[in-house]
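> Need a 3D model of the sequence below.
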Amino acid sequence: MNIDSSHTEPNVLLQLEAYEDKLLELYKEMIHVAYAKVHNKSDAQDAVQEAWVRMLAKQGTLRERSKLFSWAKVITSNIALNLNKKAARMRPTSEMEHLYRPQEAGYRDEAAVMLEINELLDLLDPASRVMLLYKFYYGFKDAEIAAVMQVPVGTIKARIHRTKQFLRDKMI
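Modelled structure (predicted):
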């Protein structure tokens, strides 16, 4: 059978271009997630590279291709957070001294605020806590959270609203 290459090559090229565009978009989103965690371009790139390696090794665990972006962001976020933990363990004490200086009058100490936030998050059930972290810490969109948690988007919006109201009531 003789295939006319003039008809098949443009289709293949278009498919390759579309695939490359999706990969580039995924890469940019992964960099954004990683940079939000590590605040360093080089570390963000390292986290994304490690995420790609892990994704390729675990690609059989992805059940639905439509959830690739959410799956990749979660992996990237976890790796970036692990990089932060490693860096914190390796940081010399002299670099951490500025963390213990009293803040200027009128401003709350960042550690005190973080402690209060952690105490409030501990009041939540695990599903609500994860949902809020995805939304406000990792920067996921409602649709992405819904995909990861396997519930409708409207349910996510309602749960976020109720959880925020619960936290507001506890803060007062």
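
> Skip ahead from the worst-scoring helix or strand of the chain on mean pLDDT and say which helix or strand is next.
Lowest by mean pLDDT, DSSP states H and E among the helices and strands of the chain is helix 93-96, with a mean of 55. Per DSSP states H and E, the first helix or strand lying C-terminal to helix 93-96 is helix 110-122.

> could you say what helices and strands that following helix packs with?
Counting contacts by 3 or more Cβ pairs under 8 Å, 6 or more residues apart in numbering; DSSP states H and E, helix 110-122 packs against helix 153-171. (Each C-beta comes from the backbone N, C-alpha and C, glycine too.)

> Which residue ranges make up the domains of this protein?
What the record gives for the chain is the domain set 10-92, 108-172, from automatic domain parsing.

> and the first one, how far from the chain's centre?
In terms of Cα atoms, centre = their mean, to the nearest Å, the gap separating the centre of domain 10-92 from the centre of its chain is 9 Å.

> For the residue nearest to Ile75 when sequence neighbours are not counted, which residues are in contact?
Leaving out its chain neighbours, the residue that sits closest to Ile75 by Cβ to Cβ, 6 or more residues apart in numbering is Ala51, at 4.8 Å. Listed by Cβ atoms under 8 Å, 6 or more residues apart in numbering, the contact partners of Ala51 are Met30, Ala34, Ala72, Ile75, Thr76, Ile79.

> Which of the three states applies to the last one?
Translated: Ile79. Put simply, Ile79 is helix when judged by DSSP: H, G, I helix; E, B strand; the rest coil.

> repeat for the third one
Taken by three-state DSSP, the conformation at Ala72 corresponds to helix.

> which ones are touching it?
Contacts for Ala72 (Cβ under 8 Å, 6+ apart) come out as Leu26, Glu29, Met30, Ala51, Met55.

> farthest-separated two in those?
The distance between the two most remote of the contacts of Ala72 (Cβ to Cβ) is 13.1 Å, for Glu29 and Met55.

> Name all residues that make contact with Leu62.
Going by Cβ under 8 Å, 6+ apart, Leu62 touches Leu68, Trp71.

> Also Val153?
Contacts of Val153 by Cβ under 8 Å, 6+ apart are Asp142, Ala143, Ala146.

> Neighbour-wise, give me the winner out of these.
Ala146 (19 neighbours; other Cβ atoms under 10 Å).
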